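*Asks:* Sequence and predicted structure, then a few things I'm wondering about:
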Amino acid sequence: MSLESTAIPRPASESSAQSNWLSWLLVSFLIYVLLAAVGAIGAGFKAAAGSNAQELFAFASNPAIALIIGVVATALIQSSSTVTSIIVGMVAGGLPIAIAIPMVMGANIGTSLTSTLVSLGHIRNGEEFRRAFSAATVHDSFNILAVAILLPLELLFSPLATASELLAGLLVSDTSVSMSGMNFMKVLLSPASDVLKASVAWLPGIWSGVALILIGIGLILLVVTQIGKVLRTLMVGRAMNILHTAVGRGPASGMASGTLITVLVQSSSTTTSLIVPLAGTGVFSLKQVYPFILGSNIGTTITALLAATAINGAAATVALQIALVHLLFNLLAIGLIYVLPVLRQLPVRMAETLASQAQHNKGYVVAYIGGVFFALPLMMVGVSRLL
């Protein structure tokens, strides 16, 4: 008998464990690059604008324009995590909080386009399409209603800006005391920051800052996409198990599972893309999908909070503040809309009505996507210019 015939094959579980270990190592590296990219955006804005960073964003001085920027950017990039990470870097570079807050709200609306597009996969089956489209557009409806309620309140009374400023001050203060003045993240990220800055040092004047911004944005786009791909491979099987065991147990369980899965895959677009087909095939009802999708809104805020840790110095507080705004906005929206019975069913009714119309006339689908993500933003631009 030959040695080859007696060789013991490597167990599949051992090979799988090694592959998972390498995948998690890759995720860790990608997160490191993400943090360095966010820091590069802040450094780039400072280098390009100097002390006049606020004037750089004069084009977005109107909250309506800022909201539109958030909607359109997220709809185009298909990732609120990416857009909010970029906003964190912009705030660190001088973007006013008052302008960044509507941008973050707009990102919440823009990200819901993904699930709407996913629902089109059921368009050939009328009943499946109605269920899938209603599950997708309940996300849109909730986020649009949340902005319609909370943006005017924010402009009048600034609850999000005030609460996030207090929390950020406490957290940054506590961190600085516990670390005895040592900036751990600065030390950790300095090698990557030095490499990025050196790569553009040859450019004259403000162009080095502009190049650093573009490199930072490009890296964020690349890294968030790659993190999503790797985590989907690692977590989708487990995510599906969580869905089947948790979503149907009630609103609290559904919301918690939506939050957990979105934190794991770092993308609310991925989470909603998982649930919409299941709703279309009748595995879950719209009543069960609704709180799950709200949980994905909470889970997606982890990326901005993570990105804020890349910022150091005087800008650390404001960077953390805008990340906290994203979290508080989603928590407050759930507290106002889902908890209050008078508002809870409004997004559901909106979604069901739209889905019924779309089932009978597919032109409503084109009108809806074009109107919410293109025509409405353009109309708001026109109105804001007249005011």
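*Replies:* Sure thing, it's come through. Numbering: from 1, shown residues only.
*Asks:* buried residues in stretch 119-137?
*Replies:* For stretch 119-137, the neighbour count (16 or more other C-beta atoms under 10 Å) marks 119-120, 122, 128-137 as buried. Quick note: C-beta positions are derived from backbone N, CA and C, even for glycine.
*Asks:* Please apply the same query to stretch 216-227.
*Replies:* Applying 16+ other C-beta under 10 Å to stretch 216-227 flags 216, 217, 219, 220, 221, 223, 224, 225, 226, 227 as buried.
*Asks:* With secondary structure, distance to residue 323 and pLDDT added, can I get those residues in CSV?
*Replies:* Output for these, formatted as CSV (DSSP: H, G, I helix; E, B strand; the rest coil; distance: C-beta to C-beta, whole Å; pLDDT from 0 to 100):
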residue, secondary structure, distance to residue 323, pLDDT
216, helix, 16, 81
217, helix, 17, 78
219, helix, 18, 82
220, helix, 14, 73
221, helix, 19, 71
223, helix, 17, 77
224, helix, 15, 65
225, helix, 21, 68
226, helix, 22, 77
227, helix, 17, 70
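*Asks:* quick one, strands of this structure?
*Replies:* With DSSP state E as the criterion, the chain has no strands.
*Asks:* By mean pLDDT, point me to the weakest helix or strand of it.
*Replies:* Counting by mean pLDDT, DSSP states H and E, the chain has its least confident helix or strand at helix 53-56, which shows a mean of 47.
*Asks:* Next, count neighbours for residue 110.
*Replies:* For residue 110, the neighbour count with other C-beta atoms under 10 Å is 28.
*Asks:* actually residue 353, not the one I typed
*Replies:* 13.
*Asks:* Residue 337 now?
*Replies:* If you count neighbours by other C-beta under 10 Å, residue 337 ends up with 22.
*Asks:* and the residue lying closest to it once chain neighbours are set aside, what pLDDT?
*Replies:* Take residue 337 and drop its neighbours on the chain: the residue closest to it by C-beta to C-beta, 6 or more residues apart in numbering is residue 343, 4.6 Å away. At residue 343, the pLDDT value in this model is 94.
*Asks:* Also residue 309?
*Replies:* Value for residue 309, per-residue pLDDT: 79.
*Asks:* That one: how many residues sit nearby?
*Replies:* Residues near residue 309, counting by other C-beta under 10 Å, number 20.
*Asks:* Test my guess that it contacts residue 36.
*Replies:* No. In this structure, residue 309 is not within contact of residue 36 by C-beta atoms under 8 Å, at 11.6 Å.
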